[in-house]
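[1] got a predicted structure plus its sequence, pasted below:
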Amino acid sequence: MNITLTKLTKKYNGKELFSIPLLSLHQNDVIHLGGENGSGKTTLMKLIAALDSPSSGCIVVDNKERRRWRFRSGEKGVIYMHQTPYLFSGSVEDNLRYGLLNHFNDKSLIEYKVDYALQVAKLSAFATQEARTLSGGEKQRLALARAAILEPSWLLLDEPTANMDHHSIDVVAFMVDALIQQKCGIMISSHQKTHLTNICRRRLQLKAGRLLEVLDNAEFAKHAS
Ligand SMILES: Nc1ncnc2c1ncn2[C@@H]1O[C@H](COP(=O)(O)OP(=O)(O)OP(=O)(O)O)[C@@H](O)[C@H]1O
């Protein structure tokens, strides 16, 4: 899925947060979105996911202009993962199963996918535990596994490794790498430079209302520090 933003602006209370003349997101992109607190990273991701509407401009998804904003479910095939993800009540495996029930009828296929997701997210030992009792890092891994299991075209991860230790970051990087192999477009907003942001191939930076493409790694290091 290719997504193009043209002459896009977002204002809150009449004040412009950012203006983006043109941004093309190509299927297979792996993007690190940087920027200071309040620069608009979350807002931009929500616009891309159709969870919010722009103040002006247009968004074209696979050559078709988006006219409807689905504030609760977002654009089909694009998943935005919040920095403090909402988990359903029930067990860890219930959380993984929930989304699959809408997509597949084959029970054994669903259980196979749940089992695989538990293994990849290193959560097999917690399968029957109440999701709300997981640690912060485990919750993030579960939310990512729950998103990945739906095989999205785009996954937008908002500060996915905030408060994570190295082990969890490495597990998340492994999971994201698996999604990249499946040709899922990835956008990650993160303040930290981690194993995860190092696998990004494109670097965008929101600064003073403008979106900059950061071209070389030395330049990127300057912005990220
Ligand atoms: N619904 C809203 N109404 C008014 N202002 C808003 C709204 N949503 C966000 N803002 C403001 O827009 C600015 C950008 O917010 P956003 O959450 O997109 O930034 P961010 O770059 O993701 O920040 P952080 O790194 O702290 O998570 C902030 O100043 C925020 O207060």
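    Ah, there it is. On a predicted model such as this, the values are computed, not experimentally measured, just so you know.
[2] where do the strands sit along the protein?
    All strands of the chain, identified by DSSP state E, fall at 3-12, 15-25, 30-35, 56-61, 64-65, 78-81, 154-158, 185-189, 202-207, 210-214.
[3] compute the inter-axis angle for the longest one and strand 30-35.
    On the basis of axes from the mean of the first three to the mean of the last three Cα atoms, to 10 degrees, strand 15-25 is oriented at 160 degrees to strand 30-35.
[4] for strand 15-25, what is the average pLDDT?
    Strand 15-25 shows a mean pLDDT of 97.
[5] how about it: buried residues?
    Going by neighbour count (16 or more other Cβ atoms under 10 Å), the buried part of strand 15-25 is 17, 18, 19, 20, 23, 25. C-beta here means a position set from N, CA and C on the backbone, and glycine is covered the same way.
[6] isn't the first one up against residue 11?
    In other words, residue 17. Yes. Look at residue 17 against residue 11 with Cβ atoms under 8 Å: they come within range, at 6.5 Å.
[7] spell out the residue ranges of the helices in this protein.
    41-48, 92-101, 107-120, 136-148, 166-181, 195-198, 217-224 (DSSP state H).
[8] circling back: wait, which of the strands of the chain is closest to the ligand?
    strand 3-12 (3.6 Å; Cβ to the nearest ligand atom).
[9] pLDDT wise, what is the residue at minimal distance from the centre of the chain at?
    With distances taken as Cα atoms, centre = their mean, the residue of the chain nearest its centroid is residue 156 (1.9 Å). Predicted confidence (pLDDT) for residue 156: 97.
[10] wait, it sits on residue 47?
    No. Using Cβ under 8 Å as the test, residue 156 is too far from residue 47 to be in contact (10.1 Å).
[11] the ligand contacts on this structure?
    12, 13, 17, 35, 37, 38, 39, 40, 41, 42, 43 (Cβ under 6 Å from any ligand atom).
[12] buried subset of the residues you listed as a ChimeraX selection?
    Those of the residues of the chain next to the ligand that count as buried under 16+ other Cβ under 10 Å are selected in ChimeraX with:
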select :17,35,39,40,41,42,43
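[13] make TSV out of the residues of the chain next to the ligand and add distance to residue 57.
    Shown next, in TSV, are the residues of the chain next to the ligand (distance: Cβ to Cβ, whole Å):
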residue	distance to residue 57
12	15
13	19
17	13
35	19
37	24
38	21
39	18
40	14
41	18
42	18
43	13
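[14] closest one to residue 161 out of the residues of the chain next to the ligand, please.
    residue 41 (14.2 Å; Cβ to Cβ).
[15] nearest residue to that closest one other than its sequence neighbours?
    The shortest distance from residue 41 to any non-neighbouring residue, by Cβ to Cβ, 6 or more residues apart in numbering, is to residue 189 (4.2 Å).
[16] for the one you found, report the pLDDT, please.
    95.
[17] looks like it contacts residue 40 (just checking).
    No. With contact defined as Cβ under 8 Å, residue 189 does not reach residue 40; the gap is 10.1 Å.
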